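In: sequence? don't have it. structure:
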């Protein structure tokens with residue numbers, strides 16, 4: 001009985017690791033004097049909820065444009081060396097989505113939510129998700145100009 005239990009347990013362990021998913025890779029390419037660098041840091045990376053979600057679901061890295069690491073990254077994925085956030089599937093080595101318009105950090109936050117929930121596997125397109133999230137104001141941060149009083 002013990003041998004059957006151990007065999008079953010090892011079988012489950014072997015196949016569960018075989019079917020486990022790799023985390024997606026998220027790369028933030030930035031310029032040295034970028035006006036968006038502080039926005040991404042303060043509104044995305046320092047947000048408790050988003051930081052926890054990023055750590056749980058992604059391998060996140062920041063790469064400065066003009067360095068050897070940025071050249072390697074750009075060559076590997078056949079991209080232009082342009083500031084943006086890139087969501088990459090490491091198993092297929094494809095860029096799933098790139099966000100180069102960093103005026104609104106909420107777009108990046110919504111994409112983090114989209115990819116961490118694996119909605120791309122359910123057939124929901126990222127642009128459609130961003131459109132729906134913007135309608136309900138998801139991750140919008142109020143600024144002093146937005147207050148009524």
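Out: That came through, no problem. In this text the structure is predicted, and so the values were computed from the model without any measurement.
In: got any ranges where this structure has weak pLDDT?
Out: Per-residue confidence of the chain (counting by pLDDT under 70) places the weak regions at 1-21, 141-149.
In: ok, which stretches of it are helices?
Out: For the chain, the helices defined by DSSP state H occupy 2-19, 35-40, 48-57, 68-77, 105-116, 126-136.
In: Any chance of a markdown table for these, columns mean neighbour count?
Out: All C-beta atoms are positioned from the backbone trio N, CA, C, and that covers glycine. Formatted as a markdown table, these follow (neighbours: other Cβ atoms under 10 Å):
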| stretch | mean neighbour count |
| --- | --- |
| helix 2-19 | 9 |
| helix 35-40 | 15 |
| helix 48-57 | 13 |
| helix 68-77 | 14 |
| helix 105-116 | 21 |
| helix 126-136 | 14 |
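In: Format those as TSV; extra columns: distance to residue 27.
Out: Formatted as TSV, those follow (distance: least, Cβ to Cβ, whole Å):
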stretch	distance to residue 27
helix 2-19	26
helix 35-40	12
helix 48-57	12
helix 68-77	6
helix 105-116	12
helix 126-136	16
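In: right, and the ones you listed - which one's nearest residue 99?
Out: Judged by Cβ to Cβ, the one of the helices of the chain that comes nearest to residue 99 is helix 105-116, at 5.9 Å.
In: outside of the closest one, which residues touch it?
Out: With Cβ atoms under 8 Å, 6 or more residues apart in numbering as the contact definition, helix 105-116 has outside contacts at 24, 26, 36, 39-40, 43-44, 47, 50, 53-54, 56-58, 85, 87, 96-97, 99, 101-102, 120, 124, 126, 129-130, 133-134, 138-141.
In: Tell me which of the helices of the chain sits nearest to residue 91.
Out: That would be helix 2-19 among these, by Cβ to Cβ, at 12.2 Å.
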